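Q: mind folding the following:
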Amino acid sequence: MEIQKIQEEAWEILNSYNKKNGIEHNKDTVFYHLIEEVGELAREIQKEKNDWRKEGFDKKKLSEELVDILVQLLYLAKDYNIDIVEAFNKKVKKLKQRYELE
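A: All right, here's what the predicted structure looks like:
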């Protein structure tokens, strides 16, 4: 699936959820959710390194947290009218030049 299609699908889900629950979407909320998801990812990674919670590392949970982060990033890109594919391609080109990989 192309990233634009993923972005549109995620956007539709967010808008439907917000409408159903009477929530007004804003950039700040999305950003705070992104930070929350990064924290949840950090907890999952910590479990793999040191299972102090006795819950055990769960690769499925880790993959879900990664997707949650991706979805929040795509929401932000859409909020700011950023073509994420174009931005990604420009960044890759810049990194290749920086590290003399071209």
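
Q: what does the top helix by length along the chain rub up against?
A: When the chain is parsed with DSSP state H, its longest helix is helix 27-49. Here helix 27-49 makes contact (C-beta atoms under 8 Å, 6 or more residues apart in numbering) with 53, 55-58, 61-62, 65-66, 68-69, 72-73, 75-76, 79-80. Any C-beta I mention is one placed from the backbone N, CA and C, and that applies to glycine too.

Q: try it again with 7 Å
A: Helix 27-49 is contacted by residues 53, 55-57, 61-62, 65-66, 68-69, 72-73, 75-76, 79 when judged by C-beta atoms under 7 Å, 6 or more residues apart in numbering.

Q: just stretch 59-70 next, same as before
A: Here stretch 59-70 has contacts from L34, E37, V38, E40, L41, E44, using C-beta under 7 Å, 6+ apart.

Q: how about it as PDB, C-alpha atoms only?
A: C-alpha atoms of stretch 59-70 as PDB (Å, rounded to 0.1, in the frame of the first residue of the first chain):
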ATOM      1  CA  LYS A  59       7.000  -8.000  19.600                       C
ATOM      2  CA  LYS A  60       3.400  -7.700  18.400                       C
ATOM      3  CA  LYS A  61       2.900  -4.800  20.900                       C
ATOM      4  CA  LEU A  62       6.100  -3.200  19.700                       C
ATOM      5  CA  SER A  63       5.000  -3.300  16.100                       C
ATOM      6  CA  GLU A  64       1.600  -1.800  17.200                       C
ATOM      7  CA  GLU A  65       3.400   1.100  18.900                       C
ATOM      8  CA  LEU A  66       5.600   1.700  15.800                       C
ATOM      9  CA  VAL A  67       2.400   1.900  13.700                       C
ATOM     10  CA  ASP A  68       0.800   4.200  16.200                       C
ATOM     11  CA  ILE A  69       3.800   6.600  15.800                       C
ATOM     12  CA  LEU A  70       3.600   6.400  12.100                       C
END
